[in-house]
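> all I have is the shape, not the residue letters:
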């Protein structure tokens, strides 16, 4: 996503979402999954089809059983890992490795690595399984393009030129893919039959979009920007409305059963937006989480929400060589928060 971690000075805010404590806004943190390894993180994927949670972390991907919350495997040698996409009918997973500009292909049955595929751009960041074409798409942040890989053969079949820096993307499963263009504050629509950008829409007044989610049934896109979620018609590109969110937003998710959109905020807040009907939306809850919990994955089966974060040490002084220093991550503190609606 935007950065592997986005923390500002003074990060030591209270951890409001205490484990097991029922929140007054209808959500609670029910579990903290502590995982091995240190370092920063980016995307994660709670995949209902395989029953696994795949978490990018440092130079590995942690694989967690969604039912037990237990770690079952780690996939290593993923330099600059960003995201994980799953092709369930092929028993294959795909990991975007930004530093090496390649994709690790693995077997979702035993988590063994099958091969690595070089992409046709620089810094593959977000990664998407596109079920209509059975393709994997990497969104290459430093080359303003996307690489399309045949998920069956693991061969590159197309490169898509984009107007700017791509961030998160979603598929409607019917021939269209949508992607946030961060530096242009736009959303582009790609026709997967031609692999061409057919429409590009402004998300004004939102700026610098990162997370993106989709209500396929009602054709609504949820583009996450800092302190604002922009909701668009995915057929016309018209901005339907905007709703306020927390700060330092990076992720977005959607639960098609509950008709709720989510925006995960690095300041330590999860914003829940209820879709009352296709043209009416309201903030249902602002759930305290933990500083750094900026990326998100949602299970539409259990309605649980997964948010990775860690505890942080002091931020080093600025230097000429390091003008934007990051705080250190406390060893052994990496965790995934599990949030669910109160029943």
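Cool, got the structure. It should be emphasised that the depicted structure is a prediction, and the values quoted were computed from it without experimental measurement.
> who's in contact with residue 84?
With contact set as CB atoms under 8 Å, 6 or more residues apart in numbering, residue 84 has these partners: 43-45, 54, 56, 61, 93-96, 127. Every C-beta, even on glycine, is put in place using the N, C-alpha and C of the backbone.
> just read off the phi/psi values of residue 145.
Reported as degrees, to the nearest 10, the phi and psi values for residue 145 are phi -150, psi 180.
> report pLDDT for the nearest residue to it once chain neighbours are set aside.
If you skip the residues right next to it in sequence, residue 145 has residue 121 as its closest partner in space, 4.6 Å away by CB to CB, 6 or more residues apart in numbering. Model confidence at residue 121, expressed as pLDDT, equals 98.
> most neighbours out of the contacts of residue 84, which is it?
With neighbours set by other CB atoms under 10 Å, the maximum within the contacts of residue 84 is found at residue 96, which has 32 neighbours.
> you'd agree that one is in a strand?
Yes. Assigned with DSSP: H, G, I helix; E, B strand; the rest coil, residue 96 falls within a strand.
> show me the shaky parts of the stretch 151-300 of the chain.
In the prediction, the stretch 151-300 of the chain carries no residues with pLDDT under 70.
> can you pull out the strands in it?
Taking DSSP state E, counting those that start in this stretch as the criterion, the stretch 151-300 of the chain carries its strands at 156-161, 166-171, 176-181, 186-191, 196-202, 212-215, 220-225, 228-233, 239-244, 249-255, 260-265, 269-277, 280-288, 297-298.
> relative to residue 89, which of these is closest?
Smallest distance to residue 89 across the strands of the stretch 151-300 of the chain (CB to CB): 14.8 Å, for strand 166-171.
> starting at the chain centroid, how far to the closest one?
What separates the centre of strand 166-171 from the centre of its chain is 9 Å, taken as CA atoms, centre = their mean, to the nearest Å.
> same question, stretch 95-109
In this view, stretch 95-109 has its centroid 16 Å away from the chain centroid, taken as CA atoms, centre = their mean.
> what about that stretch, start to end distance?
One end of stretch 95-109 to the other measures 15 Å (CA to CA, to the nearest Å).
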